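K.L.:
I'd like to go over a predicted model; first the sequence, then the structure.
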Amino acid sequence: MRCPNCQFKSTKVLDSRPIEEGRSIRRRRECEACSFRFTTFERLEEVPLIVVKKEGTREEYSREKLMRGLIKACEKRPVALEQIESIAVEVEKELRNRGTSEVQSKEIGEMVMDRLSSVDEVAYVRFASVYRQFKDISVFLDELKDLIRTDKK
């Protein structure tokens, strides 16, 4: 593993621990030349999962893209990064367990919103407003009314 700081080819592993229910390994490394410390992740290479977008285009599923959307929705909210990562891991796990190589982007959005609504309602509304592309305030209000209705149950 090359050091991201000085590009030296030799690093030592300081700590390794399983994450994501044992499906990945997180390693803390230190460069043997400049002592720079950094983290790497090791994951099993899986069959690509293809996301079919609304307009019919296809792209490879990206956990990082999902994480960026979740982080943006949870910005300035009391949501721990671990909760965000957990949502992303759960969604990906459910998608891969289906055994299909293609999934509709709509399904991913719904799965995320289901989980996000129980974590933080403001983050849920933020995510929903981008995902569902609210056209005007009336659609936004309808979503809020639905959220209030399900909270009372």
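P.N.:
In hand now; what should we look at? Quick caveat: nothing in here was measured; it's all calculated off a predicted structure.
K.L.:
Run the chain-centre distance for stretch 3-10.
P.N.:
28 Å (CA atoms, centre = their mean, to the nearest Å).
K.L.:
Counting neighbours, which bits of that stretch end up buried?
P.N.:
Neighbour-count burial for stretch 3-10 flags C3 (criterion: 16 or more other CB atoms under 10 Å). Every residue, glycine included, has its C-beta placed from N, CA and C.
K.L.:
Kindly export it (C-alpha atoms) in PDB.
P.N.:
What follows is stretch 3-10, C-alpha atoms only, in PDB (Å, rounded to 0.1, in the frame of the first residue of the first chain):
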ATOM      1  CA  CYS A   3       1.500   6.200   1.400                       C
ATOM      2  CA  PRO A   4      -0.900   8.900   0.300                       C
ATOM      3  CA  ASN A   5       1.400  11.600   1.800                       C
ATOM      4  CA  CYS A   6       4.800  10.700   0.300                       C
ATOM      5  CA  GLN A   7       4.100   7.800  -2.000                       C
ATOM      6  CA  PHE A   8       6.500   5.400  -0.200                       C
ATOM      7  CA  LYS A   9       5.700   1.800  -1.000                       C
ATOM      8  CA  SER A  10       5.900   0.300   2.500                       C
END
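K.L.:
quick one: N5 is in a strand?
P.N.:
No - counting by DSSP: H, G, I helix; E, B strand; the rest coil, N5 is not part of a strand but coil.
K.L.:
Quickly note the distance from the closest residue to M67 other than its chain neighbours to L14.
P.N.:
Closest residue to M67 in three dimensions, ignoring its sequence neighbours and counting by CB to CB, 6 or more residues apart in numbering: A88, at 5.2 Å. From A88 over to L14 the distance is 26 Å, taken as CB to CB, to the nearest Å.
K.L.:
show me what contacts the residue nearest to M67?
P.N.:
Residues in contact with A88 (CB atoms under 8 Å, 6 or more residues apart in numbering) are 63, 66-67, 70.
K.L.:
got it, and E102?
P.N.:
E102 is in contact with 49-52, 58, counting by CB under 8 Å, 6+ apart.
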